[in-house]
Structures are given as structure tokens and as C-alpha cells.
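> Turn this into a structure:
(one chain, ligands or ions: 1)
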Amino acid sequence: MSFLEVNNSLCVEGVPLLDIARDYGTPAYVYSSSQIIKNFDNYFSSIRKDDKICFSVKSNSNIHILELLANKGSGFDVVSSGELRKCLIAGGKPENIVFSGVGKSIEDIELALKEEIFSINIESEAELDRIIEIAKKNGAIAQCSFRLNPDISAGSHPFVETGGKSSKFGLSKTNALGAAKKAENSGVIKIKGIASHVGSQISKKEIVIKNLDFLMQTKKDFQEAGIILNNINIGGGLGISYKGEDQLIPSDVLKEVVDKLALTNTNLIVEPGRSIVGKAGILLTKLEYLKRTETSNFAIIDAGMNDLIRPSLYNAWHNIRTIEKSENSNEEFNIVGPICESADVMGEKRGLSLTKDSILAILDAGAYGHVMSSNYNSRPRPPEILVDDCEVRLIRRRESFQDLISTQTNL
Ligand code: LLP
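From the prediction side, this is the model:
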């Protein structure tokens with residue numbers, strides 16, 4: 001394991017987090033390189049030669065992390081030209097990049113065409129029209145897939161469900177078929193396959209299989225209409241254990257998926273995000289004040305909802321612990337950040353033993369952590385630190401006050 005206690009002190013790949021807090025300050029995101037690679041390998045070792053694992057860049061888009069994954073053979077799932085450009089800088093191969101998202105801009109599509117990425121995943125008829133127009137204008141052939149709405153629930157928080165019938169994502173089967181015929185007739189689209197992402201933080205294998213069955217049936221329906229598809233993209237979404245819940249093992253899930261696909265002449269694409277980086281990162285923070293009121297004990301820390309928004313936005317539970325183990329008995333605290341919002345609560349009623357100088361770790365913060373951070377309350381965003389077998393690398397410096405004001409004009 002990447003985050004382990006040594007002599008009662010929490011370490012990352014053998015490096016005490018206390019040293020990292022001292023050298024880089026807090027709040028700071030810290031990642032374990034070996035954990036990221038191990039999680040990726042659990043996927044990669046289970047696929048066949050022409051299948052692809054496309055890491056979902058929205059979960060963590062630091063270029064150094066993308067580079068780590070690209071070097072291991074990862075493809076990428078992107079949702080903006082910014083993410084696409086990051087992948088290219090990181091050494092990602094265009095033929096291993098898929099581009100999803102309901103609102104692709106003209107710039108997004110032009111870049112995807114120019115770079116000849118593996119697939120633009122079309123989410124509406126209007127988007128198809130735009131792609132045809134741009135491809136014709138540029139004399140390009142657009143490699144595309146159709147993202148379908150499977151009408152399946154992921155069984156997770158409503159904000160991270162994407163496969164329900166009323167969601168903005170994907171096309172219905174009928175509309176996808178109509179769009180595919182139009183795409184074929186356009187002469188500028190090469191149809192690669194179909195895709196469907198049910199949602200995030202999935203905890204049951206049956207949901208993944210249900211989505212796969214839906215896609216396999218859709219492939220057959222397309223075939224009957226004369227459209228041959230070579231690729232099925234089952235999206236991402238495998239959950240991780242934040243609170244000791246059971247966690248799906250990617251290799252177990254993929255084994256079943258690959259078995260089902262055998263004999264169908266179909267390549268598989270998977271787009272995991274959280275399950276690769278989630279448990280490989282923590283947010284390091286320090287206690288600013290203890291505040292005891294008539295109703296509660298507050299532990300006010302220096303990381304706020306601008307640094308990690310998951311608890312405030314999704315009511316998400318993250319384990320919070322002190323870096324150093326204490327002999328003293330625990331007290332119950334509401335752990336809150338410095339932001340002027342009552343929702344800035346990282347954890348409620350947590351039993352901890354805190355002292356004036358406590359350094360804490362908010363665990364499992366590697367996915368949807370720094371990428372969702374903001375400058376709210378004019379706070380500079382935290383640095384990111386990647387630890388690789390005792391080597392500690394600053395992979396994003398802390399923002400400065402100058403960074404905060406650098407885009408404001410006429411100062
Ligand atoms: N593919 C598509 C098309 C997606 O929309 C997503 C995530 C993924 C793959 C990767 O899903 P994952 O393996 O990471 O579950 N901010 C939320 C999660 C939003 C997920 C959005 N889509 C959170 O912090 O829980």
C-alpha cells in the first residue's frame with residue numbers, strides 16, 4: 001500500500017507526510033506514483049491486444065500524472081480541447097484518445113480532427129451536423145462513435161448519475177441509429193463504435209454488465225441496419241471504498257466483460273478515472289484553530305471547499321486522520337474549512353485526538369480533488385506532489401497572490 005504508517009507516522013511510499021508538510025506547506029495534494037501504476041495495471045493486465053484503457057482525464061489532469069499513465073500504455077478519455085492538449089503534451093497517442101461531452105465547441109472538434117484522435121463520441125444530432133460541416137470544410141475524415149443513453153441507474157449520488165433517461169448525456173437508440181445513417185451518407189465520418197457511461201462510483205458488477213449487454217444488443221441492432229461497429233466503449237465509473245464499503249476489483253469486472261465479448265469481434269474501451277487515482281492521493285492540511293462552542297467542537301483546518309469540494313457538493317464522506325498517531329483519547333469534532341460558507345464542512349462528528357500543531361490527511365482525494373478546486377475567497381490553489389519510491393517531486397507549485405490577479409486587466 002502506498003499510504004502506510006511507519007512508527008506511528010503516516011508515510012507515502014516510505015516518506016513521512018510530516019516532512020512533506022514541512023517542506024511544501026499545507027494544504028497540499030500528495031500522490032503515490034506506485035499506487036496509480038498498480039491501479040492502472042489492474043485494468044491493463046485484463047484486456048486484450050486491441051482493447052484500450054482510456055484514463056478519464058477529468059478525474060486528475062496533472063500532466064505529470066498523465067505522463068506516468070501514458071508511459072504505461074494508457075489511452076485517455078477527454079472532454080475538452082484543454083484536456084486533449086494536456087494529453088498530447090504528456091505523450092498520449094492520438095490513436096488512443098476518445099473525446100466525450102455534450103457541448104463540444106468548434107475549437108474542440110477542429111483540434112480532435114487535426115490530431116486524428118481515435119474517436120469523437122457524438123452526443124446529439126446537432127453535434128453530428130457540426131462535425132460533418134467542420135470535416136467537410138477541412139477536408140478531413142472524422143472518426144466517430146455514438147454515445148448512447150442506456151437508461152440504467154448507477155445506484156450512486158444523483159449528481160454523478162449520467163445514464164438515466166432524463167439525463168443530458170448520449171442519444172437514444174433510435175436517434176443514434178438515425179444519426180449513424182446520416183453519418184454514413186455524409187461521406188466524411190468513419191463510424192468506429194458505440195459508447196455508454198452509466199455514472200460514477202458504481203459498486204455493483206451487475207450494473208457494468210447490464211450496460212455491456214445493452215451495448216452488445218445495440219451493436220446487433222446497428223448490424224441489422226447494415227452498420228458494422230468494431231468498438232464498444234463501456235465508460236468508466238467503478239467506485240472506490242471511501243468508508244470501508246466493498247470495492248469492485250477492475251480485473252474481476254473486466255474478466256467477465258472480456259469473456260462476454262469473446263467471439264463477437266469487438267474491441268473494448270474502458271474509461272476509468274476514480275478507481276485509478278482516487279485512493280492514490282490525499283489532501284494534507286493543518287489545524288488552524290480548535291473552537292469549542294455550546295453545541296459543537298469545531299476543528300478549523302486550512303483546507304476548504306475551494307480545495308476539495310466533494311464533501312460540500314455531494315455530501316461525500318472522506319476519512320480524515322491525523323498524520324501522527326496519538327496516545328490521547330479521541331474527542332468528537334466537526335472538521336471545517338476557512339471558507340465563508342456553512343457548507344464548508346469536510347467531516348462531521350469525527351473522533352480525533354488533536355493538538356495545537358496537528359497535521360491531518362483527508363484520504364482518497366486523488367480523484368476529483370485538485371481538478372475541481374477553485375480560487376473562491378481569493379485563495380491560491382494548493383500544490384501537487386508526486387512521490388515515487390522515496391523521490392518527492394513537486395508537480396504543481398502552490399499558486400501565488402500574483403497568479404490570482406494575473407488575468408485581471410488594467411491593474
Ligand atoms: N467516462 C465518462 C464519459 C465520464 O463522464 C466519466 C465521469 C468517466 C468516464 C470517469 O468516471 P469514473 O471512473 O471516475 O467514475 N465529480 C464527481 C464525479 C463526476 C464523474 C463525471 N464523469 C465526484 O467527485 O464524485
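> per-residue pLDDT, Pro158?
Predicted confidence (pLDDT) for Pro158: 73.
> Tell me the spacing between it and Ser200.
According to Cβ to Cβ, to the nearest Å, Pro158 stands 11 Å off from Ser200. (Glycine included, C-beta is placed from N, CA and C.)
> Would you mark the buried spots in the top helix by length along the chain?
Criterion DSSP state H: the longest helix present in the chain is helix 205-224. Residues of helix 205-224 classed as buried: Ile207, Val208, Lys210, Asn211, Leu212, Phe214, Leu215, Met216, Thr218, Lys219, Phe222 (neighbour count, 16 or more other Cβ atoms under 10 Å).
> That one close to the ligand?
No - using Cβ under 6 Å from any ligand atom, helix 205-224 never reaches the ligand; the gap is at least 11.0 Å.
> CA-only coordinates of that helix in CSV, if you can.
Output in CSV follows, covering the C-alpha atoms of helix 205-224 (Å, rounded to 0.1, in the frame of the first residue of the first chain):
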residue,chain,number,x,y,z
LYS,A,205,-20.7,-5.5,-11.1
GLU,A,206,-24.3,-6.2,-12.4
ILE,A,207,-24.6,-2.6,-13.4
VAL,A,208,-21.5,-2.7,-15.6
ILE,A,209,-22.7,-6.0,-17.2
LYS,A,210,-26.2,-4.5,-17.8
ASN,A,211,-24.6,-1.6,-19.6
LEU,A,212,-22.4,-4.1,-21.6
ASP,A,213,-25.5,-6.2,-22.5
PHE,A,214,-27.2,-3.0,-23.6
LEU,A,215,-24.3,-2.1,-25.9
MET,A,216,-23.9,-5.6,-27.3
GLN,A,217,-27.6,-5.6,-28.2
THR,A,218,-27.3,-2.1,-29.7
LYS,A,219,-24.4,-3.3,-31.8
LYS,A,220,-26.6,-6.1,-33.1
ASP,A,221,-29.4,-3.7,-33.9
PHE,A,222,-26.9,-1.5,-35.8
GLN,A,223,-25.7,-4.5,-37.7
GLU,A,224,-29.2,-5.4,-38.7
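> For stretch 33-42, buried residues please.
Ser33, Gln35, Ile36, Ile37, Asn39, Phe40, Asp41, Asn42.
> what pLDDT, on average, does stretch 47-62 get?
Rounded mean pLDDT across stretch 47-62 is 98.
> Show the end-to-end separation of it, please.
End-to-end distance for stretch 47-62, by Cα to Cα, to the nearest Å: 25 Å.
> So it, near the ligand or not?
Yes - Stretch 47-62 lies within reach of the ligand by Cβ under 6 Å from any ligand atom, at Ser56, Lys58, Ser59.
> Report the buried residues of that stretch.
In stretch 47-62, counting by 16+ other Cβ under 10 Å, buried: 47, 51-62.
> list the helices and strands the helix or strand containing Glu133 packs on?
For Glu133, the host element (DSSP states H and E) is helix 125-138. Here helix 125-138 touches helix 106-114, strand 119-122, strand 142-147, helix 173-186, strand 189-195, going by 3 or more Cβ pairs under 8 Å, 6 or more residues apart in numbering; DSSP states H and E.
> So which of these has the densest surroundings on average?
Highest mean neighbour count among those (mean count of other Cβ atoms under 10 Å): strand 119-122, with a mean of 28.
> For that strand, the averaged confidence score.
For strand 119-122, mean pLDDT is 98.
> May I have the strands that pair with it, each with its orientation?
With DSSP bridges as the test, strand 119-122 is paired with strand 97-99 (parallel), strand 142-147 (parallel).
> is it true that Ser74 touches Lys93?
No - look at Ser74 against Lys93 with Cβ atoms under 8 Å: they stay out of range, at 9.6 Å.
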